[in-house]
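*Asks:* Here is a sequence with its predicted model. Questions after.
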Amino acid sequence: MSERGFDDLLADLEKAIAKLADGTAPLEDLVRAHEVAGKLLAETQARLAVLQARADETARLLSQ
């Protein structure tokens, strides 16, 4: 995982998705945006899994 913050990852993902949704860029740019979006999505999902595990552990500790 990168050292970028979660909010930065989401912002970059939103930009890539917006470029894809617009659909007016050259095909090469759209393919690149798709590749970037896929990588960013995987990274944000991994980061969310880590955050969920931390939240679950915190909840478990607080309920003891």
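*Replies:* Thanks, I have the structure now. Note that this is a predicted model, so its numbers are computed, not measured.
*Asks:* in this structure, which spans are helices?
*Replies:* 6-22, 27-62 (DSSP state H).
*Asks:* Burial-wise, tell me which of the ones you listed comes out on top.
*Replies:* Of those, the one with the most neighbours on average (mean count of other CB atoms under 10 Å) is helix 6-22, at a mean of 14. All C-beta atoms are positioned from the backbone trio N, CA, C, and that covers glycine.
*Asks:* and that helix with helix 27-62, angle?
*Replies:* Compare the direction of helix 6-22 with that of helix 27-62 by axes from the mean of the first three to the mean of the last three CA atoms, to 10 degrees and you get 150 degrees.
*Asks:* Residue numbering should commence at 3 henceforth.
*Replies:* Yes, from this point I'll number from 3; that puts the last item at helix 8-24.
*Asks:* CA atoms of helix 8-24 as PDB?
*Replies:* C-alpha atoms of helix 8-24 as PDB (Å, rounded to 0.1, in the frame of the first residue of the first chain):
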ATOM      1  CA  PHE A   8      -7.300   7.400   2.400                       C
ATOM      2  CA  ASP A   9      -8.900  10.700   1.500                       C
ATOM      3  CA  ASP A  10      -6.200  11.300  -1.200                       C
ATOM      4  CA  LEU A  11      -6.800   7.800  -2.600                       C
ATOM      5  CA  LEU A  12     -10.600   8.500  -2.800                       C
ATOM      6  CA  ALA A  13     -10.000  11.800  -4.500                       C
ATOM      7  CA  ASP A  14      -7.700  10.200  -7.100                       C
ATOM      8  CA  LEU A  15     -10.200   7.400  -7.600                       C
ATOM      9  CA  GLU A  16     -13.000  10.000  -8.100                       C
ATOM     10  CA  LYS A  17     -10.900  11.800 -10.700                       C
ATOM     11  CA  ALA A  18     -10.200   8.600 -12.700                       C
ATOM     12  CA  ILE A  19     -13.900   7.700 -12.600                       C
ATOM     13  CA  ALA A  20     -15.000  11.200 -13.700                       C
ATOM     14  CA  LYS A  21     -12.600  10.900 -16.700                       C
ATOM     15  CA  LEU A  22     -14.200   7.500 -17.600                       C
ATOM     16  CA  ALA A  23     -17.700   8.800 -17.100                       C
ATOM     17  CA  ASP A  24     -17.100  11.800 -19.300                       C
END
